[in-house]
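Colleague: Next comes the sequence, and after it the predicted model I'd like to discuss.
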Amino acid sequence: MIRATFDAGDFDASMRRAAQALPPAIEAGLALTLERIAANAKQTTTFVDRTAALRNSIQSDGVRGSLRAGSLIGAVGFAASNRGFFYGLAQEFGTRTGVTEKRFVRDAIDQETGDIIEDAMAQAFRASGFEVTQT
């Protein structure tokens, strides 16, 4: 959690600076978080793949859109060029024809704490003139 305090006399200027600093900070924090999720999914999955092709295909698909436009999207998925995108989806979510789901990417997402994004927001607020404490 972030707690920001400010000098009321400089509030307007601080808020203008924060409005400029927060969107790129959050977008950069999300991009780093996606990279960490992909790395975690590769390392911690209990899925046994004989060739490691599926494990190696897990990657951050990056950040699309923008916070200012109101449509910031980040994704972690499977590289189409390495063992096949559809094979990865079938393993992750299962199929109606008998493949049981193996939650290796979703488990890595569930384990993510969001601390990178929180740190990025705290830095943006500090740069905007706020005094920030994180708890």
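Modeller: It's in.

Colleague: And for Q123, the neighbour number?
Modeller: The tally of other residues near Q123 (other C-beta atoms under 10 Å) stands at 15. In this view, the C-beta of every residue, glycine as well, is placed from N, C-alpha and C.

Colleague: ok, now G88?
Modeller: 22.

Colleague: Would you mind confirming that it is in contact with N56?
Modeller: No. Contact criterion C-beta atoms under 8 Å: G88 and N56 do not qualify, at 10.7 Å.

Colleague: Spit out the residues that contact these two alike.
Modeller: Counting by C-beta atoms under 8 Å, 6 or more residues apart in numbering, G88 and N56 have no contacts in common.

Colleague: hey, where'd the strands end up in this protein?
Modeller: Here the chain has its strands, by DSSP state E, at 2-5, 58-64, 73-78, 131-134.

Colleague: Dump these into CSV; add distance to E101, mean pLDDT and mean neighbour count as well.
Modeller: Shown next, in CSV, are the strands of the chain (distance: least, C-beta to C-beta, whole Å; pLDDT from 0 to 100; neighbours: other C-beta atoms under 10 Å):
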stretch, distance to E101, mean pLDDT, mean neighbour count
strand 2-5, 35, 84, 12
strand 58-64, 15, 91, 17
strand 73-78, 14, 88, 18
strand 131-134, 36, 88, 12
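
Colleague: Compile these into TSV and extend it with columns for distance to F125.
Modeller: Below are the strands of the chain laid out as TSV (distance: least, C-beta to C-beta, whole Å):
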stretch	distance to F125
strand 2-5	5
strand 58-64	21
strand 73-78	21
strand 131-134	5
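
Colleague: who touches I26 in this structure?
Modeller: Residues near I26 by C-beta under 8 Å, 6+ apart: L67, L72, I117, A120, M121, A124.

Colleague: mind checking pLDDT for F130?
Modeller: The score at F130 is 87. That number is its pLDDT.

Colleague: Nearest spatial neighbour of it, chain-adjacent residues omitted?
Modeller: Nearest residue to F130, sequence neighbours excluded (C-beta to C-beta, 6 or more residues apart in numbering): A4, at 4.2 Å.
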